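Undergrad: need a structure here:
(one chain, ligands or ions: 1)
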Amino acid sequence: MKVVKESFRVSTQAELDIKNITDQGQRVVAKSGIQEGMALFFVSGSTAAITNIEYESGLIHDISEALDRLFPKEAYYKHHERWHDGNGHSHIRASFIGPSFTVPVSEGKLDLGTWQQIILCDMDVKAREREVKVKVMGE
Ligand code: ZN
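TA: Numbers count the residues shown, from 1 in each chain. The predicted structure follows:
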(Lines give C-alpha, C1' and ligand atoms only; values in the text may rest on other atoms or scores of the structure.)
Protein backbone atom coordinates (compact mmCIF):
# COMPACT_ATOMS: atom_id res chain seq x y z
CA MET A 1 0.00 0.00 0.00
CA LYS A 2 1.18 3.49 -0.84
CA VAL A 3 0.57 6.48 1.43
CA VAL A 4 0.87 10.04 0.14
CA LYS A 5 0.55 13.04 2.43
CA GLU A 6 0.02 16.61 1.40
CA SER A 7 -1.62 19.75 2.74
CA PHE A 8 -3.14 22.93 1.39
CA ARG A 9 -4.10 26.23 2.97
CA VAL A 10 -7.49 27.90 2.90
CA SER A 11 -8.20 31.51 3.94
CA THR A 12 -11.52 31.92 5.73
CA GLN A 13 -13.74 34.74 6.99
CA ALA A 14 -15.11 35.06 10.53
CA GLU A 15 -18.31 33.33 11.77
CA LEU A 16 -19.04 30.32 9.66
CA ASP A 17 -17.30 30.51 6.36
CA ILE A 18 -18.05 27.41 4.28
CA LYS A 19 -15.50 26.66 1.56
CA ASN A 20 -15.79 24.02 -1.14
CA ILE A 21 -12.46 22.15 -1.02
CA THR A 22 -13.39 19.37 -3.44
CA ASP A 23 -11.17 20.61 -6.29
CA GLN A 24 -8.10 20.97 -4.06
CA GLY A 25 -8.76 17.47 -2.75
CA GLN A 26 -9.12 16.06 -6.24
CA ARG A 27 -5.81 17.62 -7.26
CA VAL A 28 -4.05 15.93 -4.33
CA VAL A 29 -5.56 12.56 -5.28
CA ALA A 30 -4.60 12.97 -8.94
CA LYS A 31 -1.03 13.93 -8.02
CA SER A 32 -0.73 10.92 -5.67
CA GLY A 33 -1.13 8.49 -8.56
CA ILE A 34 -3.24 6.24 -6.33
CA GLN A 35 -6.07 4.56 -8.26
CA GLU A 36 -7.93 2.60 -5.57
CA GLY A 37 -8.04 3.42 -1.87
CA MET A 38 -9.18 6.30 0.29
CA ALA A 39 -8.47 9.94 1.01
CA LEU A 40 -8.62 11.37 4.51
CA PHE A 41 -9.07 15.13 4.97
CA PHE A 42 -8.28 16.69 8.35
CA VAL A 43 -8.31 20.32 9.46
CA SER A 44 -5.94 21.48 12.18
CA GLY A 45 -7.72 23.60 14.76
CA SER A 46 -10.60 23.12 17.21
CA THR A 47 -12.94 25.72 15.72
CA ALA A 48 -13.09 24.32 12.18
CA ALA A 49 -14.62 21.16 10.71
CA ILE A 50 -14.85 19.15 7.50
CA THR A 51 -17.96 17.45 6.18
CA ASN A 52 -19.95 17.28 2.95
CA ILE A 53 -22.94 19.05 1.45
CA GLU A 54 -24.56 19.85 -1.84
CA TYR A 55 -22.67 23.10 -2.33
CA GLU A 56 -25.38 25.58 -3.26
CA SER A 57 -26.34 28.90 -1.70
CA GLY A 58 -29.65 27.67 -0.20
CA LEU A 59 -28.04 24.89 1.78
CA ILE A 60 -25.10 27.04 2.79
CA HIS A 61 -27.63 29.44 4.31
CA ASP A 62 -29.60 26.56 5.87
CA ILE A 63 -26.59 24.96 7.57
CA SER A 64 -25.68 28.35 9.02
CA GLU A 65 -29.21 28.81 10.39
CA ALA A 66 -29.28 25.27 11.77
CA LEU A 67 -26.01 25.84 13.64
CA ASP A 68 -27.39 29.10 15.04
CA ARG A 69 -30.47 27.26 16.32
CA LEU A 70 -28.51 24.35 17.78
CA PHE A 71 -25.55 26.27 19.23
CA PRO A 72 -26.47 29.96 19.58
CA LYS A 73 -23.62 32.43 19.85
CA GLU A 74 -25.51 34.28 22.59
CA ALA A 75 -25.75 31.24 24.88
CA TYR A 76 -23.58 30.96 27.99
CA TYR A 77 -20.28 29.10 27.45
CA LYS A 78 -17.97 28.41 30.34
CA HIS A 79 -15.07 28.49 27.86
CA HIS A 80 -15.40 32.30 27.77
CA GLU A 81 -14.49 32.53 31.45
CA ARG A 82 -11.25 30.69 30.81
CA TRP A 83 -9.94 32.42 27.68
CA HIS A 84 -12.30 35.39 27.10
CA ASP A 85 -12.06 34.67 23.39
CA GLY A 86 -15.83 34.61 22.78
CA ASN A 87 -15.78 31.50 20.64
CA GLY A 88 -17.43 28.85 22.84
CA HIS A 89 -20.10 28.32 20.18
CA SER A 90 -17.35 27.92 17.55
CA HIS A 91 -15.70 25.08 19.47
CA ILE A 92 -18.96 23.23 20.13
CA ARG A 93 -20.08 23.52 16.51
CA ALA A 94 -16.72 22.23 15.30
CA SER A 95 -16.77 19.29 17.74
CA PHE A 96 -20.21 18.17 16.60
CA ILE A 97 -19.33 18.21 12.90
CA GLY A 98 -15.83 16.84 13.42
CA PRO A 99 -12.38 17.67 12.01
CA SER A 100 -12.07 14.94 9.39
CA PHE A 101 -13.84 13.36 6.43
CA THR A 102 -12.91 10.26 4.44
CA VAL A 103 -13.79 9.61 0.81
CA PRO A 104 -13.21 6.46 -1.25
CA VAL A 105 -10.82 6.82 -4.17
CA SER A 106 -11.89 4.93 -7.29
CA GLU A 107 -10.17 4.97 -10.68
CA GLY A 108 -7.87 7.73 -9.46
CA LYS A 109 -10.66 10.11 -8.41
CA LEU A 110 -12.62 11.06 -5.30
CA ASP A 111 -15.66 8.80 -5.51
CA LEU A 112 -18.26 11.40 -4.48
CA GLY A 113 -21.89 11.66 -5.51
CA THR A 114 -22.76 14.17 -8.23
CA TRP A 115 -24.28 16.60 -5.72
CA GLN A 116 -21.80 15.93 -2.94
CA GLN A 117 -18.94 18.31 -2.25
CA ILE A 118 -16.38 18.35 0.53
CA ILE A 119 -16.59 21.48 2.66
CA LEU A 120 -14.35 23.17 5.18
CA CYS A 121 -16.45 24.97 7.80
CA ASP A 122 -14.65 27.65 9.75
CA MET A 123 -16.69 28.59 12.80
CA ASP A 124 -14.25 30.90 14.55
CA VAL A 125 -15.04 34.53 15.41
CA LYS A 126 -12.13 35.92 13.42
CA ALA A 127 -10.72 35.33 9.93
CA ARG A 128 -8.19 32.50 9.83
CA GLU A 129 -5.87 30.65 7.54
CA ARG A 130 -6.49 26.93 7.88
CA GLU A 131 -4.30 24.02 6.96
CA VAL A 132 -6.10 21.00 5.51
CA LYS A 133 -4.01 17.84 5.78
CA VAL A 134 -4.69 15.07 3.30
CA LYS A 135 -3.58 11.43 3.39
CA VAL A 136 -4.24 9.35 0.31
CA MET A 137 -3.85 5.62 0.94
CA GLY A 138 -4.13 2.80 -1.53
CA GLU A 139 -2.52 1.49 -4.66
ZN1 ZN B 1 -11.63 29.34 22.31
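Undergrad: So which bits of the protein are right by the ion?
TA: 85, 87 (C-beta under 5 Å from the ion). The C-beta positions use only the backbone N, C-alpha and C, and glycine is treated the same way.
Undergrad: What's opposite the nearest residue to Ile60 once chain neighbours are set aside in the beta bridge?
TA: Nearest non-adjacent residue to Ile60, counting by C-beta to C-beta, 6 or more residues apart in numbering: Ile18, 5.3 Å away. Counting by DSSP bridges, Ile18 forms beta bridges with Cys121.
Undergrad: Following the chain past the helix or strand containing Gly58, name the next helix or strand.
TA: In this structure, Gly58 sits in helix 57-70 according to DSSP states H and E. As assigned by DSSP H and E, the chain's next helix or strand after helix 57-70 is helix 79-83.
Undergrad: Report the buried residues of that following helix.
TA: Neighbour-count burial for helix 79-83 flags His79 (criterion: 16 or more other C-beta atoms under 10 Å).
Undergrad: who's in contact with that helix?
TA: Applying C-beta atoms under 8 Å, 6 or more residues apart in numbering, the contact partners of helix 79-83 are 85-88, 91.
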